[in-house]
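Participant: Got a sequence here, can you model it:
(chains A, B, C and D)
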There are 2 protein chains.
Amino acid sequence: MPRAAANTSTRQKLIDAGKRLFGLHGFEATSTRVLAAAAGVNLAAIPYHFGGKEGLYHAVAQDIVASEKASLDPVFAHALAVGAAPSSGRTDVIEAMRSLVRVLVAELIGTAESQNTSQIMLQEQIAPTPAFHIFFDGVYRGAIEAWAALLSRLTGLAPDSLELRLRALSILGQITIFRVGMAAVLRLLERETLAPEHIEAIAEVVISQVEAIVAGLSPIPPEVAA
Amino acid sequence: MPRAAANTSTRQKLIDAGKRLFGLHGFEATSTRVLAAAAGVNLAAIPYHFGGKEGLYHAVAQDIVASEKASLDPVFAHALAVGAAPSSGRTDVIEAMRSLVRVLVAELIGTAESQNTSQIMLQEQIAPTPAFHIFFDGVYRGAIEAWAALLSRLTGLAPDSLELRLRALSILGQITIFRVGMAAVLRLLERETLAPEHIEAIAEVVISQVEAIVAGLSPIPPEVAA
DNA sequence: GTCTATAGTCGGATAGAC
DNA sequence: GTCTATCCGACTATAGAC
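Facilitator: Next comes the predicted model:
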């Protein structure tokens, strides 16, 4: 596995092809031959550069996490700051939630490319492989903590309480479902792809429901705590 | 493909093994050898009874849909009836929503077996194969229509409006996320499996959030309609 | 209807020339 | 670092005996 190799182009071409093909067909259903052909490189480059097909998959996972973090971490950091600052008011929290929804919708369903990368993350969620922790530590944990921090500000509950984490997950689910159920969404809309106004409509539905949820969140139903 | 074959036992043993193994590993990663061994039948029984591995997969899909319909259709029918009856009040709608949440949580994460069958449905959602329509027509459509009917009763919007269908999907997402993100949930809880009290806590979180959403649903924000 | 044996294909990884 | 050629194992499906 030559790290300081001269030509990084072959590596990157394989990673780019892997992002697309592993997302489209999954790990098992994507053969090294098809991968190499799509990347326009030689078959033997996969074992050479990545130690094998699985090594390429891990490299793809790390590449995805790196680019997701670039988009998400600033928004997560803002949410954590708003959640922690004693001066934050309800308006600040709502505004941070809007930002979270918008960036997450964009990363999950905003573009064809983002749909491809989010597809790989979903596959890992549903059927975790040894690569799962790359996505969990790199993306999910931060998303849950960001939501929990904001919810904590509104409810006074500890950000690491079970209830807040379940609520954070549930809210994330309202966004994720539009990626998970994309096939169903498209069938309902009788379309092949989503238009920008559909994406906007989805973001608005989610935002309005999040606002409704947090509006009813204090006081918290005590029987929900576990 | 002998339909009126004498021994249905071999067929059923293969379908049962398929439900488990296709769910655990996916279609591509499940070999006919492992399938036959797990079912305790001969390898050649797969092409003989189902025409091939793909035929077995479709038979598994239809078997899953049949058993899901048995659990879900009565609750869906009740929701549609409540949504359509002019005499239904807000309390009736909320009660029907509670029933929907409980039965859906049970079918998605209630038992180890239900987690297995829901896994196959999720795989089809994320990476649809030609079997997708079996699940869409058999299960998803009914779930969306049931929620849309109840939301329609509360908002006065048409049950087939885009907004109501998106809201129905979003609510379904709050439930589905706990199945999709099971690996993340378990990691957050630092557990290997869910205990009954966790399942109850999940149902309560979803119900309280659905109630909050519908509480703020009339009047409906007009800018959301598309 | 169920079995054994095997055909035919495709998978990932490697050897070795350049 | 990249190529061609090839190995070898695993796969699904089939032929044919019982």
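
Participant: From now on I want contacts and neighbour counts done on CA atoms only, so please keep to that.
Facilitator: Fine.

Participant: Quickly find the element holding the residue lying closest to A:Val60 once chain neighbours are set aside.
Facilitator: Distances taken as Cα to Cα, 6 or more residues apart in numbering or on different chains place A:Ile15 nearest to A:Val60, at 5.4 Å, with adjacent residues excluded. Assessed by DSSP states H and E, A:Ile15 sits inside helix A:8-25.

Participant: right, and the helix or strand after that helix?
Facilitator: helix A:32-39.

Participant: Just name whatever secondary elements the following helix or strand past that next one is in contact with.
Facilitator: Downstream of helix A:32-39, the next assigned helix or strand under DSSP H and E is helix A:45-50. Applying 3 or more Cα pairs under 8 Å, 6 or more residues apart in numbering or on different chains; DSSP states H and E, one finds that helix A:45-50 makes contact with helix A:8-25, helix A:32-39, helix A:53-84.

Participant: Run the angle between the last one and helix A:32-39 for me.
Facilitator: For helix A:53-84 and helix A:32-39, the angle between their directions (axes from the mean of the first three to the mean of the last three Cα atoms, to 10 degrees) works out to 70 degrees.

Participant: near DNA strand C at all, helix A:53-84?
Facilitator: Yes - using Cα under 7 Å from any atom of the strand, helix A:53-84 reaches DNA strand C at A:53-54.

Participant: so that helix versus helix A:8-25, what angle?
Facilitator: Here helix A:53-84 runs at an angle of 80 degrees relative to helix A:8-25 (the same axes, to 10 degrees).

Participant: Counting by contacts, list what helix A:53-84 packs against.
Facilitator: For helix A:53-84, the packing partners by 3+ Cα pairs under 8 Å, 6+ apart come out as helix A:8-25, helix A:45-50, helix A:90-105, helix A:132-135, helix A:141-155.

Participant: what about the fourth one, average pLDDT?
Facilitator: Okay, so that is helix A:132-135. Within the predicted structure, the mean pLDDT of helix A:132-135 is 96.

Participant: residue contacts, A:Lys69?
Facilitator: If a contact means Cα atoms under 8 Å, 6 or more residues apart in numbering or on different chains, then A:Lys69 has A:138-139 as its contacts.

Participant: that older thread, name the stretch among the helices and strands packed on helix A:53-84 that sits most buried.
Facilitator: Highest mean neighbour count of those: helix A:141-155, a mean of 22 (counted as mean count of other Cα atoms under 10 Å in any protein chain shown).

Participant: what's downstream of that helix, the next helix or strand?
Facilitator: With elements assigned by DSSP H and E, the helix or strand that comes after helix A:141-155 is helix A:162-180.

Participant: Return the set of buried residues in the helix or strand just after that following helix.
Facilitator: Under the assignment DSSP H and E, the closest C-terminal helix or strand after helix A:162-180 is helix A:182-189. Across helix A:182-189, burial judged by 16 or more other Cα atoms under 10 Å in any protein chain shown covers A:182-185.

Participant: between the very next helix or strand once past helix A:182-189 and helix B:196-215, how big is the angle?
Facilitator: As assigned by DSSP H and E, the chain's next helix or strand after helix A:182-189 is helix A:196-215. Helix A:196-215 and helix B:196-215 are oriented at 110 degrees to each other (the same axes, to 10 degrees).

Participant: ok, back up a step: and the helices and strands packed on helix A:45-50 as JSON lines, adding mean pLDDT?
Facilitator: Putting those into JSON lines (pLDDT from 0 to 100) gives the following:
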{"stretch": "helix A:8-25", "mean pLDDT": "95"}
{"stretch": "helix A:32-39", "mean pLDDT": "98"}
{"stretch": "helix A:53-84", "mean pLDDT": "98"}
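
Participant: Columns distance to B:Ile126 on top of those helices, output as JSON lines?
Facilitator: JSON lines is the format used below for the helices and strands packed on helix A:45-50 (distance: least, Cα to Cα, whole Å):
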{"stretch": "helix A:8-25", "distance to B:Ile126": "9"}
{"stretch": "helix A:32-39", "distance to B:Ile126": "21"}
{"stretch": "helix A:53-84", "distance to B:Ile126": "18"}
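
Participant: what about the helix holding A:Ile15, near DNA strand C?
Facilitator: No - figure legend: helix A:8-25 not in contact with DNA strand C (Cα under 7 Å from any atom of the strand); closest approach 10.7 Å.

Participant: now for that helix, which elements pack on it?
Facilitator: So helix A:8-25, by 3+ Cα pairs under 8 Å, 6+ apart, packs with helix A:32-39, helix A:45-50, helix A:53-84, helix A:112-126.

Participant: which one of those is the most hemmed in?
Facilitator: Among the helices and strands packed on helix A:8-25, helix A:112-126 has the highest mean neighbour count (mean count of other Cα under 10 Å), at a mean of 21.

Participant: ok now that one, how far from the chain's centre?
Facilitator: Relative to the centre of its chain, helix A:112-126 is centred 8 Å away, using Cα atoms, centre = their mean, to the nearest Å.

Participant: re the thing from before, pipe the helices and strands packed on helix A:53-84 into TSV and attach distance to B:Gly142 per row.
Facilitator: Below are the helices and strands packed on helix A:53-84 laid out as TSV (distance: least, Cα to Cα, whole Å):
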stretch	distance to B:Gly142
helix A:8-25	27
helix A:45-50	45
helix A:90-105	26
helix A:132-135	33
helix A:141-155	31
